[in-house]
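Asker: How does the following fold in three dimensions:
(2 chains)
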Amino acid sequence: MEEAELVRRSQQGDVKAFNILIECYQKEALNFAARMLGNLPDAEDICQDSWLAAWKSIKRFKGGRFRSWILSIVANACRDEFRRRKKRRSVSVTDFPPQAITDQRSGATLSHEMLKAVQEALLQLPHVQRLAITLREFNGLSYDEIAKVMGCSTGTVRSRLNRGRINLRNLLRDRGFIE
Amino acid sequence: MKMWFKSLRKKECDRVRELLSPYIDDELHSEERLKVQAHLESCQSCREELESIRETVSLIRGMPVIEPRRSFTISETTKKIWDSTLRALSTATALVAVFLLVIFIGDIRHYFDAAPLPSPPWPQPTEVREYYWPVRETEFGLIGLIVVLATTALVYWRKRVQKLQRRK
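Answerer: This next block holds a predicted model:
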């Protein structure tokens, strides 16, 4: 069944159709939230809440790509969670359990120390830069799709991504992971 | 002259460095891409900048993919529990509660009290104010109705949850 048909059925109250959509995108949404928050249990909670929120507001979805729509819901939830954590001063990286990790996409095997350093550096970036980088590098979205999720222009995405990468490079360089 | 050339060169480098990310991602128009390429061929420092950003990108892309430990699918019971009967019962309870609140506020503010009776020529009775209609009795009646409706809704909800769980 096509995505548009699944969305239409979900809008008519068909939970089974919506669950098919969840199964299609749950891995992507979880990886996105995990990289945004640096913590798997929090990412799981955020994803659960986001899927419920998406189900409740599916009637307001007015076409376009469902993937961008759900990622924007998760992105907003991550932003709120990050703000709450900042208030509690508890922004930290939790090690991801090895059984949760399945494959390396680029073939490059990163050491545990390097993985943690990259995740910590990501968390130090301003929200918009982290969001742009996560959507690009982990979700593989095009600049146009990122612009839709972030609600800004493609030019702004370009600049946020560029600054984010430069900041990340500087942070990793300070820790000696990049020459 | 040398200073002017240096400053011009720096400006050009800054402009190109803004475009390095879209250059890596192949998100530049062909004209911009050619300009960046031409600059990179002649500028060692921008080439080094490009390489370090590429290295950063490859580090991020080397991060592992996480497999969900559980499914996030939504339970159908969440939707099925709220059928039309339960919705009607809860709506009726809410409406009666609102009506009770209005009556209660009116009662506190004495909106339902009678106006003082005109003074008759004979000695006045001690009680000069009286209710036009039985407010207190209405209030008690509404409270009773809310209790009945809410209890019915609760019992119905519990039975429905048990029924759906048995079906699962």
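Asker: For A:Glu137, which non-adjacent residue is spatially closest?
Answerer: Closest residue in space to A:Glu137, ignoring its immediate chain neighbours: B:Ile60 at 4.5 Å, by CB to CB, 6 or more residues apart in numbering or on different chains. C-beta coordinates here come from the backbone N, C-alpha and C atoms, glycine included.
Asker: confidence score at that neighbour?
Answerer: With respect to pLDDT, B:Ile60 scores 90.
Asker: What count of nearby residues applies to it?
Answerer: Residues lying near B:Ile60 (other CB atoms under 10 Å in any protein chain shown) number 23.
Asker: who's in contact with it?
Answerer: Contacts for B:Ile60 (CB atoms under 8 Å, 6 or more residues apart in numbering or on different chains) come out as A:118, A:122, A:133, A:137-138, A:168.
Asker: so which of the residues you listed comes closest to chain B?
Answerer: Taking CB to the nearest CB as the measure, chain B lies nearest A:Glu137 of the contacts of B:Ile60, at 4.5 Å.
Asker: Tell me how far that closest one lies from A:Glu179.
Answerer: 20 Å (CB to CB, to the nearest Å).
Asker: element containing the spatially most central residue of chain A?
Answerer: Against the mean C-alpha coordinate of chain A, by CA atoms, centre = their mean, the closest residue is A:Phe32 at 2.4 Å. Taking DSSP states H and E as the definition, one finds A:Phe32 inside helix A:15-37.
Asker: between the helix or strand following that helix and helix A:15-37, how big is the angle?
Answerer: Using DSSP H and E, the helix or strand that directly follows helix A:15-37 along the chain is helix A:40-56. With axes from the mean of the first three to the mean of the last three CA atoms, to 10 degrees applied, the angle from helix A:40-56 to helix A:15-37 works out at 140 degrees.
Asker: which parts of whichever helix in chain B runs longest are buried?
Answerer: Ranked by number of residues, the top helix in chain B under DSSP state H is helix B:135-167. Under the neighbour-count criterion of 16 or more other CB atoms under 10 Å in any protein chain shown, helix B:135-167 has B:135, B:138, B:142, B:145-146, B:149-150, B:153, B:156-157, B:160 buried.
Asker: Greatest separation within the contacts of B:Ile60: which pair is it?
Answerer: Spatially, the most separated pair among the contacts of B:Ile60 is A:Phe138 and A:Leu168, at 13.2 Å (CB to CB).
Asker: Between these two, which has more neighbouring residues?
Answerer: With neighbours defined as other CB under 10 Å, A:Phe138 and A:Leu168 compare such that A:Leu168 has more, 25 against 21.
Asker: residues in contact with the helix or strand containing the more buried one?
Answerer: In this structure, A:Leu168 is located in helix A:154-174 according to DSSP H and E. Applying CB under 8 Å, 6+ apart, the external contacts of helix A:154-174 come out as A:117-118, A:121-122, A:124-126, A:128-133, A:136, A:143-144, A:146-147, A:150, A:152, A:178-179, B:17-22, B:25, B:27, B:52-53, B:55-57, B:59-60.
Asker: let's see it at 6 Å
Answerer: Here helix A:154-174 makes contact (CB atoms under 6 Å, 6 or more residues apart in numbering or on different chains) with A:121, A:124-125, A:128-129, A:132-133, A:136, A:143-144, A:146-147, A:178, B:21-22, B:52-53, B:56.
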